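Student: Everything below, folded, please.
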Amino acid sequence: QVQLVESGGGLVQAGGSLRLSCTASGLTFRTYGMGWFRQAPGREREFVAAISWSGGSTYYADSVKDRFAISRDNAKNTVTLQMNSLKPEDTAVYYCARSYNSISRLRRDYDRWGQGTQVTVSS
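Tutor: Residues are numbered from 1 along each chain as shown. From the prediction side, this is the model:
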């Protein structure tokens, strides 16, 4: 049974940083692309960042590029999202997900999701 468990969310002031982690189990982690999405109240779930199975390729949403960094450790079955220079508009529930494509920005390419972790950025 595939499980993805996020951690690291919380409350931070604008301009601050948070580091989200996702630990995977029940899958051969190193063979899957992974991604982070987020969903703010009343809005659709949106793509944030993705990383290929090897970590050699990454994608970012324009809204987070140059502020967020995705990375993975295949030995520890973890994917991490380092978030810097946070803005109030980054407030959302952040979800880790597994892609059945090598790397993708598209929600439909992700078939397993974590339960999410809340990130709140105060102004």
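
Student: And for residue 122, nearest residue in space, chain neighbours not counted?
Tutor: residue 13 (5.4 Å; CB to CB, 6 or more residues apart in numbering). Bear in mind the C-beta positions are built from the backbone N, C-alpha and C, glycine included.

Student: my guess is that neighbour contacts residue 121, does it?
Tutor: Yes - the pair residue 13 / residue 121 is scored as a contact, 7.3 Å apart, by CB atoms under 8 Å.

Student: Between those two, which is the more surrounded one?
Tutor: The neighbour count for residue 13 versus residue 121, taken as other CB atoms under 10 Å, is higher for residue 121 (20 against 10).

Student: how about the most centrally placed residue in the chain, what does it touch?
Tutor: The centre of the chain sits closest to residue 36, judged by CA atoms, centre = their mean, with a distance of 2.3 Å. The neighbours of residue 36, taking CB atoms under 8 Å, 6 or more residues apart in numbering as the test, are 20, 22, 48, 49, 50, 70, 79, 81, 94, 95, 96, 97.

Student: Tell me which of the residues you listed fall in strands.
Tutor: Those of the contacts of residue 36 mapping onto strands are 20, 22, 48, 49, 50, 70, 79, 81, 94, 95, 96, 97, per DSSP state E.
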